[in-house]
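**Q** here is my input; please provide its structure:
(one chain, ligands or ions: 1)
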Amino acid sequence: MPTFARGPFFERLEATGGIRMNKLVKIISASAVAGAVLVTGSVMAETEPDAAIEYRKALMATVGGNMKASALIIKGQVEHKDALAAHARGIAAAATLAPAAFKQNTHGMGSEKTTSNENVWKDWDKFSAGLKSLETEATKLADLAASGDMAAAGKQLGEVGKTCKACHDANRDK
Ligand code: HEC
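**A** Alright, predicted model coming up:
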C-alpha cells in the first residue's frame, strides 16, 4: 500500500471523525492502487500467481459449462438445439483466450488450488497445440450445429471431448 503524507487536509478530516477518516483513507488508498495499476499495467511483467490461476480456472469452467450444456442438448435431454452452435462457439472462443491465460508459469507458486502440472510450461508448444485442436474441433461442432445435422454434431462432440481428455491426462494432476 502506498503511504500518504499527512498534511493539514487529513488532520482536519481526522479531527471531524476518526472512524470516517479511516474509511476515507482506505478509499483513497484503494483508488491510488487502482490508478497505479492502470498506469503501470502496460509495463507490469507478471500478474499475481493466485489471480493468474483463478483466471485460467474461470476460463476453463466456461469450457466445462458449455461442454456439459452441449452434451445435454445432443442427448436430447433438453430442448435447446438452437443453442448448440453458440455453446460450441463459446468453447472455441475460450480456446483462443487460453494461451494467454495459461502462459504465466505459476508452478509451485501461489496458494490458490490448481490442478495444472508443470508439463503445461515444460512443453508449451504441445500444450498450445492442444488448445488449437480444441478450437478447431469446437469450430467444426459449431458449423455442424448451425447446419442442423444433429447426428453429425453428436459425433463431433465426441471429437471435442477427445481433445479435453488428451490434454487433461498430460497436463493436470488428479
Ligand atoms: C490444451 C489443454 C486443455 C484442453 C484442450 C482442455 N483443457 Fe480443461 N484444463 C486444462 C488445464 C491445464 C486445467 C487446470 C487449470 C488449473 O487448475 O490451473 C484445466 C481445467 C479444466 C476444468 C476445471 C476448471 C476449474 O474450475 O478448476 C474444467 C471444467 C475443464 N478444464 C474442462 C475442459 C473441457 C470440457 C475441455 C474440452 C472441451 C477442456 N477442458 C479442454 C487444460 C486443457
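**Q** for this protein, which helix is longest?
**A** Taking DSSP state H as the criterion, the chain has its longest helix at helix 49-74.
**Q** for that one, buried residues please.
**A** Residues of helix 49-74 classed as buried: 49, 52-57, 59-60, 63, 66-67, 69-71, 73-74 (neighbour count, 16 or more other CB atoms under 10 Å). Using the backbone N, CA and C atoms, a C-beta is placed for each residue, glycine as well.
**Q** can you pull out the low-pLDDT segments for this structure?
**A** Residue ranges of the chain with pLDDT under 70: 1-25, 27-29, 31-45.
**Q** contacting residues for the residue most central in space within it?
**A** Among the residues of the chain, the one closest to the centroid is residue 59, at 2.8 Å (CA atoms, centre = their mean). Under the criterion of CB atoms under 8 Å, 6 or more residues apart in numbering, the contact list for residue 59 reads 94, 97, 98, 101.
**Q** make it 10 Å
**A** 93, 94, 95, 97, 98, 100, 101, 102 (CB atoms under 10 Å, 6 or more residues apart in numbering).
**Q** please narrow the residues you listed to those residing in helices.
**A** Under the assignment DSSP H, those contribute 93, 94, 95, 97, 98, 100, 101, 102 to helices.
**Q** tell me the buried residues within those.
**A** For the ones in helices among the contacts of residue 59, buried by 16+ other CB under 10 Å: 93, 94, 95, 98, 101, 102.
**Q** need the max-distance pair from the contacts of residue 59.
**A** 93 and 102 (15.2 Å; CB to CB).
**Q** is stretch 125-134 up against the ligand anywhere?
**A** Yes: counting by CB under 6 Å from any ligand atom, the ligand has neighbours in stretch 125-134: 127, 130, 131, 134.
**Q** who touches that stretch?
**A** Here stretch 125-134 has contacts from 63, 91-92, 94-99, 101-103, 116, 119-121, 123, 159-160, 162-164, 166-168, 170-171, using CB under 10 Å, 6+ apart.
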